[in-house]
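> When you get a sec, could you give me coordinates for this:
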Amino acid sequence: MDDNLHSLPRRLIELRMEHADLNSLIDQAGVDGAIDELALRRLKKRRLLLRDQICKLEAELDPPEPA
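As a prediction, the model looks like this:
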């Protein structure tokens, strides 16, 4: 059971969920204008970091086939 909690596929799902949450938050902040520019830049930077982590995990789980 513990192995499943720390598996790569589970971590990938968690990162995708966090990325989607940040997307929603950033979109909503753009509409409302309720967040200052510095906070918005930090959210976007975090979203980019998550995207990089997602890509790395996807590559580990499904490595490209040799040509």
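
> switch to C-alpha atoms for all contacts and neighbour counts from now on
OK.

> Determine the number of other residues adjacent to I54.
I54 has 19 neighbouring residues, counting by other CA atoms under 10 Å.

> can you pull the contacts of it?
12, 15-16 (CA atoms under 8 Å, 6 or more residues apart in numbering).

> can you tell me how far it sits from K45?
14 Å (CA to CA, to the nearest Å).

> And I26, by the same measure?
11 Å.

> Check the contacts of I54 against L61 and report the nearest one.
L12 (9.5 Å; CA to CA).

> what's in contact with the host helix or strand of that closest one?
Counting by DSSP states H and E, the element that carries L12 is helix 8-32. The contact list for helix 8-32, computed with CA under 8 Å, 6+ apart, reads 4, 35, 40, 43-44, 47, 50-51, 53-54, 57-58, 61.

> And the buried ones among these, selectable in ChimeraX?
To isolate the buried members of the contacts of helix 8-32 in ChimeraX, using 16 or more other CA atoms under 10 Å:
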select :40,43,44,47,50,51,53,54,57
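
> With secondary structure and distance to L22 as extra columns, can I get the contacts of helix 8-32 in a markdown table?
Below are the contacts of helix 8-32 laid out as a markdown table (DSSP: H, G, I helix; E, B strand; the rest coil; distance: CA to CA, whole Å):
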| residue | secondary structure | distance to L22 |
| --- | --- | --- |
| N4 | helix | 25 |
| I35 | coil | 13 |
| L40 | helix | 10 |
| L43 | helix | 7 |
| K44 | helix | 8 |
| R47 | helix | 6 |
| L50 | helix | 10 |
| R51 | helix | 11 |
| Q53 | helix | 14 |
| I54 | helix | 14 |
| L57 | helix | 19 |
| E58 | helix | 19 |
| L61 | helix | 24 |
